[in-house]
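Asks: Below is the structure, and that's it, no one-letter string:
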């Protein structure tokens, strides 16, 4: 059930994400943001910090469908970090590239560090770096679950 | 003036199923673990529906942004998900300034989201925010 360490450094296909005003508003409302932090109907607007989840979590977890990695369903999302090289703004178009930074074992668990580099489509400059730590447990019935779909549990 | 030991105003939020459904729609994370009790019974660490980790991270990130005066001042946010957050649980979100770097013009905070029993949904030992000072 071990993850394949040969996938360290592997880069998945990049995808494009447009930061839309209505999505930023929707995300702000869904996370209980105050009115002051939710974009108005017009004008410049900065996305809330974890709005980056909209383009780096479900969509950015390309590793989950990588048959060569060997991901399995007994996992939790252990940690998530965002580093903002500049704020994410309404109107940004981002080119997002997921890749595997590290795979390591600790006891019966394995730790996958999965990064998504998000850069400004126009300038190519980095905007936000997402780093997810996914913890894989070794289930007792590991073989029986080997073909099941991967699900996030965190 | 931000100083070591300053604290964010604590905020308690009860994350009922409506919160989880709104978050699923807003984030695009439709994992049934967060809305289907029958599915969750088989895979959840609690045996039931649990909140998205990133919903709790969002509560934390929003609280930091509100406190420092805008999301553009949040330079980095790390959230360590230690304990699951069952649907319907009340989380208390907070933060405390650990250090101030006057040269860089930044401050580093410990941040957290905890249940009433002390469970560390977002663990203050490892969860950090870096903000730009005004």
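Replies: Received, thanks. Keep in mind that what you see is a predicted model, and the values were worked out from it rather than measured.

Asks: now the strands for chain B?
Replies: In chain B, the segments counted as strands under DSSP state E are B:11-14, B:74-80, B:90-101, B:106-115, B:120-122, B:128-132.

Asks: now swap in chain A and tell me
Replies: A:15-18, A:75-84, A:93-106, A:109-120, A:126-136.

Asks: so who does residue A:57 touch?
Replies: Residues near residue A:57 by Cβ atoms under 8 Å, 6 or more residues apart in numbering or on different chains: A:80, A:132, A:152, B:27, B:28, B:29, B:54. Glycine gets a C-beta too; all of them are placed from N, C-alpha and C.

Asks: So in terms of bridging, what pairs with the first one?
Replies: When bridges are assigned using DSSP bridges, the partners listed for residue A:80 are residue A:132, residue B:79.

Asks: From residue A:129, how far out is it?
Replies: 12 Å (Cβ to Cβ, to the nearest Å).

Asks: Who has more neighbours out of these two?
Replies: The neighbour comparison of residue A:80 against residue A:129 (other Cβ atoms under 10 Å in any protein chain shown) goes to residue A:80, with 26 against 18.

Asks: Surely the more buried one and residue B:60 touch.
Replies: No - the criterion here is Cβ atoms under 8 Å, and residue A:80 misses it with residue B:60 at 10.7 Å.

Asks: Quick one: residues contacting residue A:66.
Replies: A:7, A:10, A:12.

Asks: Select the longest helix from chain A.
Replies: helix A:21-30 (DSSP state H).

Asks: same thing with chain B?
Replies: Chain B, longest helix under DSSP H: helix B:53-68.

Asks: is the helix or strand of chain B with the lowest mean pLDDT anywhere near chain A?
Replies: Counting by mean pLDDT, DSSP states H and E, the weakest-scoring helix or strand in chain B turns out to be helix B:37-43, with a mean of 92. Yes - contact of helix B:37-43 with chain A (Cβ under 8 Å from any Cβ of the partner chain) involves residue B:43.
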